[in-house]
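Novice: Following is a predicted model, sequence given first.
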Amino acid sequence: MNPLRVAAAALVLVSVSEVAATELIAEQIDRIAPLVATGEVQQLGGPEPASEIVAGLAGRWFTLNNTIRDWELEDRASRESLARSIDRLCADDWENIATYSVTDPDRIHIDQRSPTGVDHGSFDLVAVDGGRMFSTVLEDDYILSIYGLEDAPQDQQQKALAEMKAALQGGQEIWLPGADVMVIRTAAEIEVWGRCPE
């Protein structure tokens with residue numbers, strides 16, 4: 001058997017699977033983009049019990065915020081842009097690698113790191129009342145380290161802690177309207193994320 005043919009066949013299979021994964025995400029975006037654009041996220045669908053939402057979150061995710069904003073339904077240019085985003089944002093050298101791990105049926109850990117392992121803000125989300133509303137769990141020491149205030153005066157630390165806790169107080173609602181797309185709504189914004197192909 002010719003090793004070059006085997007390598008070429010393997011490369012074709014990888015390329016085909018990447019195209020298929022991109023198209024699966026594109027089809028999901030075609031369905032949700034109009035609802036996200038109008039803010040009608042209640043109509044996105046997907047599981048409602050927290051345990052089902054959490055079970056579907058494990059894996060590596062990348063932001064789709066710019067993609068959704070510029071998305072044109074069933075548009076070739078939009079799909080090509082999505083493919084480039086996946087290549088760039090799911091690469092092992094991307095500046096912020098976001099990985100979700102299930103820690104309990106109602107709890108998920110989000111680990112955000114640089115390619116060299118520097119923590120960019122890791123935290124837990126815990127379901128509130130068993131539905132799609134989640135609260136963010138951050139320890140005070142961790143919040144202070146994010147701001148570089150570990151050795152700051154007490155009043156400055158308390159101000160930073162109060163600001164962060166106020167920002168997190170409203171919680172966030174999570175929708176999984178498809179296997180590879182997640183929508184998060186907070187009081188301030190709607191974010192859309194895609195699952196990196198494996």
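Specialist: Happy to help now that I have it.
Novice: where does Arg195 fall, phi/psi-wise?
Specialist: Dihedral pair for Arg195: phi -80, psi 130, per degrees, to the nearest 10.
Novice: Now do the buried residues in the helix or strand where Glu191 lies.
Specialist: According to DSSP states H and E, Glu191 maps onto strand 190-195. Burial within strand 190-195, assessed by neighbour count using 16 or more other CB atoms under 10 Å, is assigned to Ile190, Glu191, Val192, Trp193, Gly194, Arg195. No exception for glycine: its C-beta is placed from N, CA and C like everyone else's.
Novice: from these, which two are the most distant?
Specialist: Ile190 and Arg195 (17.7 Å; CB to CB).
Novice: pLDDT on stretch 158-177, on average?
Specialist: Mean pLDDT, computed over stretch 158-177, is 89.
Novice: For that stretch, measure first residue to last.
Specialist: Using CA to CA, to the nearest Å, the end-to-end distance of stretch 158-177 comes to 39 Å.
Novice: Give me the residues contacting it.
Specialist: 28, 31-32, 41, 44-47, 53, 56-57, 125, 128, 132-136, 138, 140, 143-144, 146-147, 149, 152, 182-187 (CB atoms under 8 Å, 6 or more residues apart in numbering).
Novice: Mind checking which of these land in helices?
Specialist: Using DSSP state H, the members of the contacts of stretch 158-177 that fall within helices are Gln28, Arg31, Ile32, Ile53, Asp140, Ile143, Leu144, Ile146, Tyr147.
Novice: Next up, the contacts around Asp104.
Specialist: So Asp104 contacts Val54 (CB under 8 Å, 6+ apart).
Novice: go on, the one 10 residues further on?
Specialist: Neighbouring residues of Ser114 by CB under 8 Å, 6+ apart: Glu95, Asn96, Ile97, His120.
Novice: Who does the third one form a beta bridge with?
Specialist: Just to be clear, that refers to Ile97. Beta-bridge partners for Ile97, by DSSP bridges, are Arg113.
Novice: that older thread, and of the buried residues of strand 190-195, the nearest to Arg69?
Specialist: Val192 (9.1 Å).
Novice: wouldn't the closest one be in contact with Asn65 here?
Specialist: Yes: Val192 is within contact range of Asn65, at 5.9 Å (criterion: CB atoms under 8 Å).
Novice: Residue ranges in this protein under the pLDDT threshold?
Specialist: Residues of the chain that meet the criterion pLDDT under 70 lie in 1-18.
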